Structure formats: C-alpha cells, structure tokens
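S.K.: What follows is a predicted protein model with its sequence.
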Amino acid sequence: MVVYNITVKVESAVAAAFIAWMQEEYMPLVISTGNFESGRLLRLLETDDSDGPTYAVQFTAPSAASYREYRNRHAENHQQIIGQKWAGRYVSFSSVMELVR
C-alpha cells in the first residue's frame, strides 16, 4: 500500500474555504481517477500557525503501480488546478510513503 501525501500551508484568511474546496472538489477529483482507494484531510498540530494552518492531504493507493499511473497521467494537471485556485495563498510539498506494517 502506498500513501501519496501533500502537505499544504495556507493563509489563515482562506483556510476555511480551502478545507471546503479540498473536501468537496479536489479530493473527489483525485479519487475519481481510480488510482486511490481513499483519501483523508488532516491538520498538523504543534506547528507554527502564525502564517496559517498546515494540512496533510493523504491518498491511499493499493500499489506502487497504481500511484505511478496517477503520477504519469493526472498529477501535473491536478497540481495546476491547485496552483490556479490558490495562487500565492499557499505553499506545499508532496511525499510518497509505503505502508510497512
């Protein structure tokens, strides 16, 4: 099992709108590719929120091949969607993890 994680720090002024958009639009879009079984949105605790809250958006793929297919077919487009919607209001980075146990 592979977890695709996007860590996002958003401006406080848009945090509520960002959460709603993630849950109602972006996460369903990513899941609809068929490459992921589930998704979840988490807020990081014990971090410096002076510039805004930090969230982790995680999608679970059944295999590395399924994640690679997503990366090759959809990831660039989805990154552009986030960039256009929240330009200048967030910073992010992504990571990929394998479930060990």
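M.R.: Received it, and whenever you're ready, just let me know what you need. Residues are numbered from 1 along each chain as shown.
S.K.: ok, longest helix in the protein?
M.R.: If you go by DSSP state H, the chain has its longest helix at helix 76-86.
S.K.: For that one, buried residues please.
M.R.: Neighbour-count burial for helix 76-86 flags Ile82, Trp86 (criterion: 16 or more other CB atoms under 10 Å). Where C-beta positions appear, they are placed from N, C-alpha and C, glycine not excepted.
S.K.: Low-confidence ranges, the chain, go.
M.R.: Within the chain, no range satisfies pLDDT under 70.
S.K.: Please enumerate the strands of it.
M.R.: If DSSP state E is used as the criterion, the strands of the chain fall at 2-10, 38-43, 54-61, 90-98.
S.K.: Just put these in JSON lines and tack on distance to Arg71 and mean neighbour count.
M.R.: Converted to JSON lines, the strands of the chain look like this (distance: least, CB to CB, whole Å; neighbours: other CB atoms under 10 Å):
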{"stretch": "strand 2-10", "distance to Arg71": "8", "mean neighbour count": "19"}
{"stretch": "strand 38-43", "distance to Arg71": "16", "mean neighbour count": "13"}
{"stretch": "strand 54-61", "distance to Arg71": "10", "mean neighbour count": "20"}
{"stretch": "strand 90-98", "distance to Arg71": "8", "mean neighbour count": "13"}
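S.K.: From the contact counts, what lies against the longest helix of the chain?
M.R.: Secondary-structure packing of helix 76-86 (3 or more CB pairs under 8 Å, 6 or more residues apart in numbering; DSSP states H and E): helix 27-31.
S.K.: ok, 10 Å please
M.R.: In terms of contacts (3 or more CB pairs under 10 Å, 6 or more residues apart in numbering; DSSP states H and E), helix 76-86 is packed against strand 2-10, helix 15-21, helix 27-31, strand 90-98.
S.K.: Can you tell me what sits against that helix?
M.R.: For helix 76-86, contacts defined as CB atoms under 10 Å, 6 or more residues apart in numbering pick out 6, 8, 10-11, 14, 17-18, 21-22, 25-26, 29-30, 33, 57, 70, 90, 92, 94.
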